[in-house]
Every structure is written in C-alpha cells, then in structure tokens.
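[1] coordinates for the following, if possible.
(2 chains, ligands or ions: 2)
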Number of protein chains: 2
Amino acid sequence: LLPAAGDPLPSWNDTASKASIVAFVEKVSDPQSPDYVPQELRIATFDNDGTLWSEKPLYFQALYAFDRLQEKAKADPGILTSDVLKAAAAGDMKGAMAGGDKGLIDIVNVSHSGLTVEDFETDVKTWLTTATHPTSGRIYADMIYQPMVELLAYLRDRGFSTYIVSGGGVHFIRAISQEAYNVPPQQVVGSEGATNYSLVDGKPTLMKEGGLQFLDDKAGKPVGIDRHIGRRPIFVAGNSDGDLQMLEWATAGEGPRLGLFVHHTDAKREFAYDRDSSVGRLSDGLDAAGGKGWLLVDMAKDWAVIWPGKQ
Amino acid sequence: LLPAAGDPLPSWNDTASKASIVAFVEKVSDPQSPDYVPQELRIATFDNDGTLWSEKPLYFQALYAFDRLQEKAKADPGILTSDVLKAAAAGDMKGAMAGGDKGLIDIVNVSHSGLTVEDFETDVKTWLTTATHPTSGRIYADMIYQPMVELLAYLRDRGFSTYIVSGGGVHFIRAISQEAYNVPPQQVVGSEGATNYSLVDGKPTLMKEGGLQFLDDKAGKPVGIDRHIGRRPIFVAGNSDGDLQMLEWATAGEGPRLGLFVHHTDAKREFAYDRDSSVGRLSDGLDAAGGKGWLLVDMAKDWAVIWPGKQ
Ligand SMILES: [Ca+2]
Ligand SMILES: [Ca+2]
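    Ligands and ions are numbered 1, 2, ... in the order given. Below you'll find the model as predicted:
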C-alpha cells in the first residue's frame, strides 16, 4: 500500500483532481510557502462509508448487523419486536430498510448490545475479514478504496493528522481502522451507542448496551469533531449530504482549506449513484460544491483502480 | 517548566514515590526491558481538578460559573430560577453547593450556554489568567502543580501520549491545556454539554447550549476513555473517588500498570483533605489503594514545591 517513489498517489489518474490535491497538500506543508500551515493545525477528516470504502447495496455495518441479529434471534426470537427487525434477521434488505435511518438505528442497537467492547471488536474484525460482499464477492475489508488509502498516507507523510469521522459506530470502525487505513483508535470519531462500565465477576468490564447516545452525521459531524479533536480540519473528504455540514464548517475557516466529495460515477467498476440513492445520497452537496469551490472526485475518471489488488 | 538535565522530576523530593514512578516509566519505555510496552500503547491519563491543579475551596470551573452567572443575571435576572442559581450568582459558595453535584451541573448549564465554543474558550482563558483565587491570591492558571507538569513532560519524553480525563467540561479545560500542560485539545477528554451546529447569519457556528450530555466522572471515565482513545491506559493519575473506576480499569489490564492518587496532605502549602471533603473526596480510593498496589503521592512529603515560581 505504499506509494511508488516520486508519485504519492499512483492509483490516481493524472487529472485535475489529483493536481488540485497535490498542490494543496504541498503548499500547506511547505514552510517556504505563503500558505504554510503549522503541523498541529494540519488536521484532515474523512467520512468512511462511500468515502474510504464501499457502501452499496447497504452500509457494511448494517449488513453485519443483519448477520448478528439473525444469530441472536436463534437464541432468543423475542428480540425481534418489529417488522423491521424481523426483516433484518431474515436478510430481507428491502424490508429492513423500510424503516429508514431510524429503522437502521434500531437494528444496530438490538444487534450490537449485550457484549463487551473487546468481544464486539473481535467479532466485527472476523466478519470484515471473512464474510463476503453480495455482489463483488470480495471480503469486506478488501473493499476499501486504494486511492484513498494512498491519500491518507500522503497526508500523514506531509505532517497531517488523519481522522475518520463517520456516521458509523466508533467501535465498528476501530475494528479495522488500523489495519485498513493506518488510523489508530484515538483518531476514529463515530456514532456512539451507550457503553456501561461495571465489575463483572470482579473484572472491570465495558459493555455495549442498546441506545444511541451520539449520532455523528450531518450537523453532528462538526459537533463530533469539536468534541474529539477541538480543531477545525483544513482538509475534509466526504461523499454524501451527511458530510455537507462538515465540509461547510471546515472550509469556512480562515486560511487554505480543501473540501472534496467522492462522486460515485463508476457503475462498471463499483456503483453509480448520487441524488436518488437512499444510501449515500449526494444532492444538496452537489448543488453546493461549485459555489463553495469543493472538489468533486469523479471515481470513473480520476481513479485508476478502485479496490486494492486485482480488480 | 523544563526538567533539569539529569533529573526529569526536579520538583519531586527523593522519596519512594518518585523512585516508583521513575522505575515504572523507565522499564516500560526501555526496549531492552522485559516490561517494555510499545509506544502506541504508552497511554497516560490524568484527572485535572486536584490532580493537575488545585480544586479548593471549589472546582475552578464552578467559581468561573459563578462569575459568569452573575454577569448574565445582570442582563436577565429571570435566568436565576432556583435558590442554588441565586446563591451562585451572589457568590454564596455554601448556598450554591447546597444542591450537591446536581446543583453544580445546573449552575454550569445555565452559565455556560448561549455563546459559541470559540467565545467561551476565549472568555475562560481570560478569566483563568486574570481572575485571582480567593485564598492564595494567585491567578488560577498559576495554581497548576509544578511536579505534575514535570511528570507529564517526562512521560512524553519517554514516548507516552498524555491525556487529561476530567469531570470538568472539555471546553473549559481546553482553554488552558496547551499553555498549562502542553496537552493539545484532541488529548482532552471531559464532560460534554450540548453543542449545536448551525448557520448563524450564513456563518457556520458551534453554539454551547444547556444540558449535560456526558458526565466524565466515576464509571463515566472508563467510558470516556474508551470513546475518545479506544485503548486502556497503562499510567493513570487521579485524586478522588471520581477516579476510582479509571484506576481500577486501567490497572486491571495485562502487563505493567501504574495507578496513583495525589493525596492532599499539605495544609500549610495547599490544602489537606480526603475522606470528609465534599470537593475531591478520597475515601473508597484510600481503602482500595493498598490492596491494588496504587501509589499514594503525599503532597507534603513528596513534593518540593506545589505551584510554579515563588511559593
Ligand atoms: Ca458516507
Ligand atoms: Ca479530581
């Protein structure tokens, strides 16, 4: 996953997008540049689903939740208290999504509770590295975007701190963030379910409980960044309207700023969607991008490869 | 504030406490040692009030809240909706504390809301560096503990990441954490009030609102550490029963661990209190320390100086 010598972004085609990114990163990290930004302020935040890895036909965390729910319901069918939960446990994607975002949150709450944080992260890691995606046939961990992995490494090489800021759960992402992106757990900001600390048989234990305590999406993203980082990022990447406020807030700060949307334009190699998608809808963001000077990364044109290894 | 060459902890007397701390730090950071801990796992967490700076007669954040409440009530006396709030605005410490922790949280909620995060932090910083403490006559920023500032620097010098994990508000502590402790904003974990993001006159704005969303105290400390850091600390310092669960959780992990309580034994130079104090009560922690092998730092015996500069 290391960039080739001389080209920090070998999986990016030589288009205007790549040139814009490189020009920005170089000018803010060059002490001789008038646009130089001190290292401690070189904060970059990245959305995860659809920005660092794929999210179709549905967020991977939701697909994981279906599998876990099915397993839990075998032991205790009483947990399936709604049609949405029943559909999820049956692997019926359409039925599970009929409840919208609220339904998905219910599915996550019920499926992700009643085990320790450590056991949960171990289970997620196993799933992400063994279960296979319904259309690509790849294991989920192999559906990270190679060009973005290179971009993260390039930013770090230029003194940036790289953070994930995701609507997905913080524990879910941490299960893979170090291996997949070289992003350590303290640089993952995500949605937060209730977690309780207590002594279980005398052993200090952090248990995951039901109940969403913080939704790191839309207007929640600037709030999550403020809580965890306390500094306004100068480089921000997203792919949907859920990232609009993060881009808006970050790029309104003083000095040089770069905001970008990964635009899913590649039906052949990945998926093509924007305004009409319920997962990863990009509509208000598309309308705003031009006026704000945000970069639209065209996956079909700008990326030489999508995922790591053989395509 | 730099340690003298050869002695990383010049403001500590040469007692068993100092020897224990140095022995621990050296063994976990020495690659030749059987107790070596990789750098990314060298996480140290410090409580703030009573551990890194003074907390008597009352938490500095509460004293700040009284001043702000008084100021806000001049413009709008209607905000003083309870006896506790009225007492706080009148500077009546006893009356303000009659409501216990719940009363203090009310005082903080009402006094800390209705302004942007940036304006709040600027206001706190001004207050901490100009207002003076009722008994010491020092500005509050000069009531940090010099021995602990040296300990933080020593740990960082040995590859530790140093975090503050406080029951106090995250924005309050960040106003001073870099200057006082060399701890950047992303390494401050604290209690969290509601913060809302919106466009105000077209400008992206983070506003502080009333309402506590996360209390980073007692069993909340392991939860806060898990949310923000995602790793179990190997070095933990506190001073009260509010830190008991943090010490318990951290020191129950595998491998070498050090937990310590700063014990306020110095009535002459600072304040002496433990089991019977409503602020910073240390009782269950004192009972547990011996059995757990936690270090009790005796301020009177172990510290050559308390605060920076002339005593
Ligand atoms: Ca996304
Ligand atoms: Ca304390």
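[2] which parts of the stretch 101-250 of chain A sit against chain B?
    Proximity of the stretch 101-250 of chain A to chain B (C-beta under 8 Å from any C-beta of the partner chain) is limited to residues A:117, A:161, A:170, A:174, A:184-186, A:188, A:192, A:195-199, A:203-204, A:206, A:213-214, A:219-220, A:222-223, A:226-231, A:245, A:248-249. C-beta coordinates here come from the backbone N, C-alpha and C atoms, glycine included.
[3] now the helices for the stretch 51-200 of chain A?
    Using DSSP state H, counting those that start in this stretch, the helices of the stretch 51-200 of chain A run over residues A:60-75, A:83-89, A:93-97, A:100-111, A:117-130, A:146-157, A:170-181.
[4] which among those is found nearest to B:Ser113?
    helix A:170-181 (26.3 Å; C-beta to C-beta).
[5] who does the closest one touch, helix- and strand-wise?
    On a contact count with 3 or more C-beta pairs under 8 Å, 6 or more residues apart in numbering or on different chains; DSSP states H and E, helix A:170-181 meets helix A:117-130, helix A:146-157, strand A:161-169, strand A:188-200.
[6] and the residue nearest the centre of chain A, what does it touch?
    The centroid of chain A falls nearest to A:Asn48 when counting by C-alpha atoms, centre = their mean (1.0 Å). Residues in contact with A:Asn48 (C-beta atoms under 8 Å, 6 or more residues apart in numbering or on different chains) are A:164, A:166, A:168, A:173, A:190.
[7] need the max-distance pair from those residues.
    In these, two members sit farther apart than any others by C-beta to C-beta. They are A:Ile164 and A:Gly168, at 8.8 Å.
[8] name the residues contacting each of the two.
    Residues touching both A:Ile164 and A:Gly168 by C-beta under 8 Å, 6+ apart: A:48, A:190.
[9] how deep is A:Asp30 tucked in, by neighbour count?
    Summarising burial for A:Asp30: neighbours were counted as other C-beta atoms under 10 Å in any protein chain shown, giving 13.
[10] how about it, what does it touch?
    If you count contacts by C-beta under 8 Å, 6+ apart, A:Asp30 has them with A:Tyr36.
[11] which stretches of the stretch 51-200 of chain A have low pLDDT?
    Within the stretch 51-200 of chain A, not a single segment meets pLDDT under 70.
[12] for ligand 2, see how far away the residue of it found nearest chain B is.
    Closest contact between the stretch 51-200 of chain A and chain B, by C-beta to the nearest C-beta, is at A:Pro185 (2.8 Å). From A:Pro185 over to ligand 2 the distance is 25 Å, taken as C-beta to the ion, to the nearest Å.
[13] the residue nearest to the centre of chain A and A:Ser111, how far apart?
    Shown here: A:Asn48 relative to A:Ser111, a distance of 19 Å by C-beta to C-beta, to the nearest Å.
[14] now do the nearest residue to A:Tyr181 once chain neighbours are set aside: how many residues are near it, please.
    The shortest distance from A:Tyr181 to any non-neighbouring residue, by C-beta to C-beta, 6 or more residues apart in numbering or on different chains, is to A:Leu152 (5.6 Å). Close neighbours of A:Leu152, defined as other C-beta under 10 Å, add up to 23.
[15] ok, A:Ala19 next?
    Here the neighbour count serves as a burial measure; for A:Ala19 (other C-beta under 10 Å) it reads 11.
[16] which SS state does A:Ser33 fall under?
    Taking DSSP: H, G, I helix; E, B strand; the rest coil as the rule, one finds A:Ser33 in the coil state.
[17] one more: the one 4 residues further on?
    The three-state assignment at A:Val37 reads coil, by three-state DSSP.
[18] please name the nearest non-neighbouring residue to it.
    Distances taken as C-beta to C-beta, 6+ apart put A:Val28 closest to A:Val37, at 4.3 Å, once the chain neighbours are dropped.
[19] pretty sure that neighbour sits against A:Ile234.
    Yes: under the criterion of C-beta atoms under 8 Å, A:Val28 lies in contact with A:Ile234, with a separation of 6.7 Å.
[20] which residues are common contacts for those two?
    Between them, A:Val28 and A:Ile234 share these contacting residues under C-beta under 8 Å, 6+ apart: A:37, A:42, A:256.
[21] what residues are up against the last one?
    By C-beta under 8 Å, 6+ apart, the contact list for A:Pro256 reads A:24, A:27-28, A:35, A:37, A:234.
[22] try 6 Å
    A:28, A:35 (C-beta atoms under 6 Å, 6 or more residues apart in numbering or on different chains).
[23] now do the SS call for it.
    coil.
[24] about what we covered before: which among the shared contacts of A:Val28 and A:Ile234 gets closest to B:Gly238?
    Using C-beta to C-beta, A:Arg42 is the member of the shared contacts of A:Val28 and A:Ile234 that lies nearest B:Gly238, at 33.0 Å.
[25] tell me the residue of chain A that sits nearest ligand 2?
    Nearest to ligand 2 in chain A, going by C-beta to the ion, is A:Tyr197, at a distance of 17.6 Å.
[26] look up how far A:Tyr163 lies from the residue nearest to A:Val37.
    Computed as C-beta to C-beta, the A:Val28 to A:Tyr163 distance reads 16 Å.
[27] excluding sequence neighbours, find me the nearest residue to A:Arg174.
    Nearest-residue entry for A:Arg174: A:Pro185, 4.6 Å, with adjacent residues in sequence omitted and distances by C-beta to C-beta, 6+ apart.
[28] err, A:Ser198, not the other one
    Taking C-beta to C-beta, 6+ apart, and ignoring the residues beside it in sequence, A:Ser198 has A:Thr205 as its nearest neighbour in space, at 6.2 Å.
[29] so chain A: which segments form each domain?
    Residue ranges for each domain of chain A read A:16-56+A:144-190+A:214-302, A:60-115, as given by automatic domain parsing.
[30] deepest in the core, which of those is it.
    Per-residue neighbour counts averaged over each of the domains of chain A give the maximum for domain A:16-56+A:144-190+A:214-302, namely a mean of 20 (mean count of other C-beta atoms under 10 Å in any protein chain shown).
[31] is that domain in proximity to ligand 1?
    Yes: in this structure, domain A:16-56+A:144-190+A:214-302 sits against ligand 1 according to C-beta under 5 Å from the ion; the contacting residues are A:47, A:49-50, A:239-240.
[32] same deal with stretch A:93-101?
    No: with C-beta under 5 Å from the ion as the measure, stretch A:93-101 is seen stopping short of ligand 1, the closest distance being 12.8 Å.
[33] CA atoms only for that stretch, dumped as PDB, please.
    Extracted as PDB, the C-alpha positions of stretch A:93-101 are listed here (Å, rounded to 0.1, in the frame of the first residue of the first chain):
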ATOM      1  CA  MET A  93     -32.800  -5.800   2.800                       C
ATOM      2  CA  LYS A  94     -35.800  -4.100   1.400                       C
ATOM      3  CA  GLY A  95     -37.900  -4.800   4.400                       C
ATOM      4  CA  ALA A  96     -35.100  -3.800   6.800                       C
ATOM      5  CA  MET A  97     -34.700  -0.500   5.000                       C
ATOM      6  CA  ALA A  98     -38.400   0.300   5.100                       C
ATOM      7  CA  GLY A  99     -37.900   1.900   8.500                       C
ATOM      8  CA  GLY A 100     -35.400   4.400   7.100                       C
ATOM      9  CA  ASP A 101     -32.500   5.700   9.200                       C
END
